[in-house]
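Peer 1: A predicted structure for the sequence below; I have some questions about it.
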Amino acid sequence: MTLQELENQVLALPPTEKAAIIQSLTQTINIGAKGITKTPGVCGGEACIAGTRIAIWLLVEARCLGITEAQLLQDYPHISAADLVNTWIYADAYPEEIEAAIRANEVA
């Protein structure tokens, strides 16, 4: 099967099945991306920068509040610019998860 044939088949699917494929592909690309982990018992099992307790939702919320990447790197000297890139990729791939975590932590 060629890439074009595969693309045509995917485009012919109903929207829910397309979304499932996108989610699956995104997981294989992004969960495998270095630096983001989910560990039961660490930060409530929420996605964090690997080896830290810095939750992805926390960095996303900080960015929404206008905190720059330079400031984040200064505030968290043990993370790198690559960690932030992985953070933004993860957040873009899982916006519902991140929004839910932000809302849950606003209440807490």
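Peer 2: Cool, got the structure.
Peer 1: how near is the residue lying closest to Cys48 once chain neighbours are set aside to Tyr90?
Peer 2: For Cys48, ignoring the flanking residues on the chain, the nearest one in space by CB to CB, 6 or more residues apart in numbering is Ala55 at 5.3 Å. All C-beta atoms are positioned from the backbone trio N, CA, C, and that covers glycine. Using CB to CB, to the nearest Å, one obtains 11 Å as the distance from Ala55 to Tyr90.
Peer 1: shared neighbours, these two?
Peer 2: Here Ala55 and Tyr90 share the contacting residues Ala47, scored by CB atoms under 8 Å, 6 or more residues apart in numbering.
Peer 1: Identify each of the strands in this protein and give its residue range.
Peer 2: Counting by DSSP state E, the chain has strands at residues 36-37, 48-49.
Peer 1: which one of these lies closest to Pro14?
Peer 2: Nearest to Pro14 among the strands of the chain is strand 36-37; the distance by CB to CB comes to 30.0 Å.
Peer 1: His78: neighbour count?
Peer 2: Residues contacting His78 under the criterion other CB atoms under 10 Å number 10.
Peer 1: Check whether it really touches Thr52, as I assumed.
Peer 2: Yes. The criterion here is CB atoms under 8 Å, and His78 meets it with Thr52 at 6.8 Å.
Peer 1: what about the helices in this protein?
Peer 2: Assigned by DSSP state H, the helices in the chain fall at 3-11, 15-30, 56-64, 69-75, 81-93, 95-107.
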